[in-house]
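Q: when you get a sec, could you give me coordinates for this:
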Amino acid sequence: ACDGVVECTALVLAESCAEVEDRLTLFGILDEIRPSKNGETSFVVYAKFEGCEHASDKERRAQILITDEDGEVLLESAEYSVWLDGTEEPVTIVAAFDLPEDFEGAEGVLWIEAVLDDETLSQTVVRLHDRYSV
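A: Below you'll find the model as predicted:
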């Protein structure tokens, strides 16, 4: 018997987003981040959670974490209350982040993690560049 599988079926970084008529649009999908010289490097992370038909309708806690190459948490979103019932629509969250000024000139990677009830369901990596790659 299935205990109710819950998955993160989308994890996307973008420059910004807007909601019009209950539909979310992401602008400028990111595959790398270039810290701004003026200290204002912002982006959003979109995550979509879905449960199978056996997923119980109970409260779960979702969060987006930004970690470095060593797994140290650098930034974290607020916790979101997520209610999944397998017969309903998926649940989406959007978290906005601002990189601190000390990221200017940084190189390396950032790990973006979608966490549900303290378990990482999905993760992606984004390069941190001092200039865009072509």
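Q: from here on, just use CA atoms for contacts and neighbour counts.
A: Fine.
Q: I figured residue 82 hits residue 57, correct?
A: No: the criterion here is Cα atoms under 8 Å, and residue 82 misses it with residue 57 at 9.5 Å.
Q: more crowded one of those two?
A: Each of residue 82 and residue 57 has its neighbours counted (other Cα atoms under 10 Å); residue 82 has more, 20 against 15.
Q: contact partners for the more buried one?
A: For residue 82, the contacting residues are 59, 60, 61, 62, 91, by Cα atoms under 8 Å, 6 or more residues apart in numbering.
Q: which stretches of this protein form strands?
A: Taking DSSP state E as the test, the strands found in the chain are 6-20, 23-29, 32-33, 41-51, 59-67, 73-76, 80-83, 91-99, 108-116, 119-128.
Q: report the inter-axis angle for the longest one versus strand 59-67.
A: Regarding strand 6-20 and strand 59-67, their directions subtend 80 degrees when assessed with axes from the mean of the first three to the mean of the last three Cα atoms, to 10 degrees.
Q: which strands and helices sit next to strand 6-20?
A: Judged by 3 or more Cα pairs under 8 Å, 6 or more residues apart in numbering; DSSP states H and E, strand 6-20 is in contact with strand 23-29, strand 41-51, strand 119-128.
Q: same question for it, mean pLDDT?
A: For strand 6-20, the mean pLDDT works out to 92.
Q: so what are the sheet partners of that strand and their directions?
A: Using DSSP bridges, strand 6-20 pairs in its sheet with strand 23-29 (antiparallel), strand 41-51 (antiparallel).
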